[in-house]
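Peer 1: coords below, sequence missing:
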DNA sequence: CGGTGAAATGTAACCGGTTACATTAACAGA
DNA sequence: TCTGTTAATGTAACCGGTTACATTTCACCG
C-alpha cells in the first residue's frame, strides 16, 4: 500500500511536507506543493483514514440508534440525518436496535471506544449507564424523547398535536372516539394520549378507558385494535391512531367489516407518511417535518461535539400541521 | 483517558500481558489474568478501537450504498444487512445516495481509505474507477445488479417474476395490459419489461409501446402514469406496476377517475411491502425475501473480505412468489 | 558583509494498541 | 547440580499519519 513515506520519497521531500501540502497547502511553497501533488497523483495515494482518526482522536462518524428502520417515518428522519451529516463531512453508523437494550448499549459503546464522535438516539432510552461517569459522550435524543433527557433533544409537542386531531374530530360532531395507542412505556404515546384526553375534557366528555386500545405502530396492530373496537356494544364513530401505519391497518379492518370511511366511521393518523395521501381514502393526519428532525439533531450533536454549546439543555420543539384529507367526516 | 499502559501499571504487569489477557486469555497464567481483569474493571478501561483498527488494518465496518432509504423495500433489505452484520461483529456505515454518483464514490472511498472493510451496493453502478486498478476493494452488488458485475451479486430473476405476474393477468382474460416502469437505465426495469413482453409474446399479443409508462418507484409517479394510461382512447383493463409504491399511487388515481379495482381495472405490484396487504384492495404482487437479500449480501461480502472465496463469480438468485390478493380479477 | 527575521522544510516524538522476539522462571531428567 | 524444555512475561518495534520543535534558506537592511 502506498503511504505517505512513499509519496515523500517520490517527491523528494519529507513526510511532514507531504502532510502539510495536503492539509494546509498555504504553508508550503507553490513549487513544492506541485511536486507533492504530482507525486500523490502518480502514486495513487489515499491517506489511511484509520491512521488519521487514531492520531486526531476524531472519526467524523456518528452512531444513529433507530428502533426500527422499517417505519416510514424513521426512514425519513434517517434520510435527514444522513444528508446533514454528509454535508458536514460526517458518516453515519446505523443501528436498527429493534428496541433491544443490549444492542443499543453495544452500539453506544462505539462512542466510548472512539469509533464514533457522538450518538443520535431516536428512542426514549439512555444507553449510557452511570458507570460511564460524568464523561458522557456527546448525544442527542430526537423524536421519541426521555422526560429528563441528559442531553439536547428534538421533539414535537405531541400533546398539542394530539389535541388538535381530537378537536378536529369533536368539531365534526364525534363524541365516541376510539384511540389506538403506541407501545407502552413510551413518553410519546403517553403525551399523545394526554392531548387526546385534554381535548375530550375541554368538550366536557368523560374519558372511556375501554375506547383506548394498545398497538405497536405496525399496520397489523392497527388492524387488530380496530377489530377490538368494532366488537364493542357501542363502537366509536371515529378512531384516532397514533401513527399512519396503524391507521392504514385500521381502515383495512373497518372495510372488511363493511364500514365506509368516513361516511360510517372516521379515521385519523399521525406522521403524514408518503402513503397517507395515496391510501383510500386519503388520510387525515399530523404532518411532521421528519427530515428536519434529523437535520436538527445533527446540528445539535455537532455543536455538542465541537463544544460550541456546553449546555445539555438545548431543546428544539418542531412544528406540526394538521392535514385534513378525506378519512374524517361529520358524524353520521 | 485510561489506556492500556495505565492498566498495566495498575496490575503490575507489562502492556503486552494486558493485551494478551484480553485477546488470548489462555496464554496467560490464571492468577495474572485475574489481576489484569481486576485492573481493567477498576480503571474502567475500554480499548481505543481506532488504535485497534489502525494497527490491525481491519475496521469491522461495512459501507452500504442505498439509492433511497425512503423506499420500503430497501428499508427491509437494510434491516437484513444490519442484523447479519451485527451478528458477525460488523457495523454498517449507511449512505443514502439518492443516485448521486459523486456521493457514491465519496462513500466508496471509505473502503479505499480503510475506514471500512467492504461495500454493499444496492444500485446497478460500480463506484470504483479503473484507476483503483486491480486492487478492487471487496464489494457485493445486491437487488439492482449490474449486467457484468465485477463482484458477487444477489438478485431476483426479475424477468421470470414479471412473466409470472403478466401470465396471471393473461389468465384472468386481460389482453390490453399497461405497465408502469421504474427508472430508465436500470437493468432491473429492463428485465421486468422483458418478462412482461415474454408473456405477451407467448400469448400471441403484439407489444404496444404506448401502454408502457415511465415511473420512478414513488407513489406519485404511479399516480401520474395511471392518469396517462386512462387518458388513452382505449385504456388498459389491467396495469402491472414495477413496485408496490407505484401501484398504490396508481390505484389512488384510478379511484379518483371513478373506477373500481378490480371490477373495472386490475392492478398488480412488485415487492410485497407491508402496506400491500393493508391497502384497498389488498395488492396482488411479487413477494421477495428482502431481509434475506441483505443477509446473503453480508455473507458473500464477508467471504470475500476473509478471502474464503476469491472468485468474483458467486451469484445468488433469490426466490420469488406471486401473491394473489384482491387487486386483480377477471376482465370485465 | 554580517545580522535579523520570516518562510520553508526537516526531524522525530507521539497516538494506543499488537506482536515478534528476547528473557526469565520453573521444572523434569540425567 | 546441570542442562534442556516449556510456559509466562517483558521489551520494543511497528502501523501511518500529525505536529512541536529544530534547522535551513533567503531576502532585506543597516
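Peer 2: Yes, it's here. Predicted model, so just to flag it, every value in this text is computed and none were measured. Numbers count the residues shown, from 1 in each chain, chains lettered A, B, ... in the order given.

Peer 1: Grab the nearest non-local neighbour of residue A:276.
Peer 2: residue A:283 (4.2 Å; CB to CB, 6 or more residues apart in numbering or on different chains). C-beta coordinates here come from the backbone N, C-alpha and C atoms, glycine included.

Peer 1: pretty sure that neighbour is in contact with residue A:247, am I right?
Peer 2: Yes. Assessed by CB atoms under 8 Å, residue A:283 is found in contact with residue A:247 at 5.7 Å.

Peer 1: neighbour-wise, which of those two wins?
Peer 2: Using other CB atoms under 10 Å in any protein chain shown, the more surrounded residue of residue A:283 and residue A:247 is residue A:247, with 32 against 29.

Peer 1: In a helix, the more buried one, correct?
Peer 2: Yes. Residue A:247: assigned to a helix according to DSSP: H, G, I helix; E, B strand; the rest coil.

Peer 1: ok, now which ones touch the spatially closest residue to it that is not a sequence neighbour?
Peer 2: Nearest-residue entry for residue A:247: residue A:269, 3.4 Å, with adjacent residues in sequence omitted and distances by CB to CB, 6+ apart. Counting by CB atoms under 8 Å, 6 or more residues apart in numbering or on different chains, residue A:269 makes contact with A:241, A:243, A:244, A:246, A:247, A:248, A:276, A:283, A:284, A:285, A:286, A:327.

Peer 1: bridging residues for the first one?
Peer 2: In this entry, residue A:241 is beta-bridged to residue A:180, by DSSP bridges.

Peer 1: okay, now it: neighbour count?
Peer 2: There are 33 residues near residue A:241, going by other CB under 10 Å.

Peer 1: do you know how far it is from residue A:155?
Peer 2: As for residue A:241, its distance to residue A:155 is 20 Å (criterion: CB to CB, to the nearest Å).

Peer 1: ditto for the last one
Peer 2: For residue A:327, the distance to residue A:155 under the criterion CB to CB works out to 26 Å.

Peer 1: do the same with the fifth one
Peer 2: Using CB to CB, we find residue A:247 at a distance of 21 Å from residue A:155.

Peer 1: do the same with the third one
Peer 2: Applying CB to CB, one obtains 18 Å for the distance of residue A:244 from residue A:155.

Peer 1: Could you list the low-pLDDT ranges of the stretch 201-332 of chain A?
Peer 2: Applying pLDDT under 70 to the stretch 201-332 of chain A flags residues A:309-312.

Peer 1: so where do the helices sit in it?
Peer 2: Remark: helices assigned in the stretch 201-332 of chain A by DSSP state H, counting those that start in this stretch are A:219-230, A:244-256, A:290-305.

Peer 1: Please work out which of these is packed deepest.
Peer 2: Of all the helices of the stretch 201-332 of chain A, helix A:244-256 carries the top mean neighbour count, a mean of 26, counting by mean count of other CB atoms under 10 Å in any protein chain shown.

Peer 1: Tell me how many other residues crowd the nearest residue to residue A:330 once chain neighbours are set aside.
Peer 2: Excluding the flanking residues, the one nearest residue A:330 by CB to CB, 6+ apart is residue A:172, at 5.0 Å. Here the number of neighbours of residue A:172 (other CB under 10 Å) works out to 17.

Peer 1: repeat for residue A:306
Peer 2: Residue A:306 has 11 neighbouring residues, counting by other CB under 10 Å.

Peer 1: quick one: the helix or strand encompassing residue A:199 to chain centroid distance?
Peer 2: According to DSSP states H and E, residue A:199 maps onto helix A:187-202. The chain centroid and the centroid of helix A:187-202 are separated by 21 Å under CA atoms, centre = their mean, to the nearest Å.

Peer 1: Packing partners of it?
Peer 2: Where contact means 3 or more CB pairs under 8 Å, 6 or more residues apart in numbering or on different chains; DSSP states H and E, helix A:187-202 is packed against helix A:158-171, strand A:177-180.

Peer 1: Mind listing the residues bridging to the closest residue to residue A:74 other than its chain neighbours?
Peer 2: Distances taken as CB to CB, 6+ apart put residue A:66 closest to residue A:74, at 5.2 Å, once the chain neighbours are dropped. Residues in a beta bridge with residue A:66, per DSSP bridges, are residue A:96.

Peer 1: Highest mean neighbour count out of the helices and strands packed on helix A:187-202?
Peer 2: Mean neighbour count (mean count of other CB under 10 Å) peaks for strand A:177-180 among these, with a mean of 27.

Peer 1: Now do it: everything it contacts.
Peer 2: Contact with strand A:177-180 is made by A:166, A:169-170, A:193, A:196, A:200, A:211-215, A:221-222, A:225-226, A:229, A:235-242, A:246-247, A:250, as judged by CB under 8 Å, 6+ apart.

Peer 1: what ranges do the strands span in chain A?
Peer 2: A:61-66, A:91-96, A:118-121, A:139-142, A:153-156, A:177-180, A:212-213, A:238-241, A:266-268, A:285-287, A:315-318, A:321-323 (DSSP state E).

Peer 1: mind giving me JSON lines with the ones you listed and columns for distance to residue B:127?
Peer 2: Shown next, in JSON lines, are the strands of chain A (distance: least, CB to CB, whole Å):
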{"stretch": "strand A:61-66", "distance to residue B:127": "19"}
{"stretch": "strand A:91-96", "distance to residue B:127": "15"}
{"stretch": "strand A:118-121", "distance to residue B:127": "26"}
{"stretch": "strand A:139-142", "distance to residue B:127": "30"}
{"stretch": "strand A:153-156", "distance to residue B:127": "32"}
{"stretch": "strand A:177-180", "distance to residue B:127": "44"}
{"stretch": "strand A:212-213", "distance to residue B:127": "48"}
{"stretch": "strand A:238-241", "distance to residue B:127": "41"}
{"stretch": "strand A:266-268", "distance to residue B:127": "44"}
{"stretch": "strand A:285-287", "distance to residue B:127": "35"}
{"stretch": "strand A:315-318", "distance to residue B:127": "34"}
{"stretch": "strand A:321-323", "distance to residue B:127": "39"}
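
Peer 1: do you know which of those strands lies nearest residue B:254?
Peer 2: Closest to residue B:254 of the strands of chain A is strand A:266-268 (CB to CB; 21.3 Å).

Peer 1: Who are the packing partners of the closest one?
Peer 2: Using 3+ CB pairs under 8 Å, 6+ apart, the elements in contact with strand A:266-268 are helix A:158-171, strand A:238-241, helix A:244-256.

Peer 1: Of all these, which one comes closest to residue A:82?
Peer 2: Using CB to CB, the helices and strands packed on strand A:266-268 put helix A:244-256 closest to residue A:82, at 21.9 Å.

Peer 1: tell me the angle that closest one makes with helix A:219-230.
Peer 2: Helix A:244-256 runs at 50 degrees relative to helix A:219-230, counting by axes from the mean of the first three to the mean of the last three CA atoms, to 10 degrees.

Peer 1: Quick check: closest non-adjacent residue to residue A:158.
Peer 2: Excluding the flanking residues, the one nearest residue A:158 by CB to CB, 6+ apart is residue A:191, at 3.9 Å.

Peer 1: What's the separation between that neighbour and residue A:144?
Peer 2: Counting by CB to CB, the gap from residue A:191 to residue A:144 is 10 Å.

Peer 1: Please apply the same query to residue A:100.
Peer 2: Residue A:100 sits 15 Å away from residue A:144, going by CB to CB.
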